[in-house]
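1. Give me coordinates for this.
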Amino acid sequence: MNVHFTEEAAAHIRARHFTHSAAGAIKLAYDTDGCGCAVNGVAALWIVDSPEEDDQLASSNLFTVFYDPKQELFFEDKLTVDRKPEQQSLILKSSQQTYNPSMRLIDRRSSIPRK
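-> Below you'll find the predicted structure:
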């Protein structure tokens, strides 16, 4: 899997989630929480302390990105994370489709103090 981040998306991610010294990686997830069943979900990006045991490393131009190989079937091999300047959310797309036009970036690191 290859995840390409546009400069606009990268700047947004860095400004909001990597401004402090805490480390982290990004996980591409097919989030099914509250969706009813395992095949009804939405694409999301999570910032995590470290990958889970079975997670695989994706190829990426800017960030360290992991994904659960069991969720790989929900995505194409080449993905782009973008951001429209007037929006605070991110867009996950491929050359064939838009997966999520308003994707959330959720910080799930345990090392970051919560407000």
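2. remind me which residues of the protein are low pLDDT?
-> Low-confidence regions of the chain, defined here as pLDDT under 70, cover residues 19-22, 32-40, 111-115.
3. Helices of the protein, start to end?
-> Remark: helices of the chain, listed N- to C-terminal, are 7-17; assignment by DSSP state H.
4. My read is that residue 76 contacts residue 92, right?
-> No. Between residue 76 and residue 92 there is no contact, the gap being 10.3 Å when judged by C-beta atoms under 8 Å. C-betas here are computed from N, CA, C, even on glycine.
5. And the two? Which one has more around it.
-> For the pair residue 76 and residue 92, the greater number of neighbours falls to residue 92 (23 against 14), based on other C-beta atoms under 10 Å.
6. partners of the more buried one in the sheet?
-> According to DSSP bridges, residue 81, residue 100 are recorded as the beta-bridge partners of residue 92.
7. what do you get for residue 25?
-> Taking DSSP bridges, one finds residue 48 as the beta-bridge partners of residue 25.
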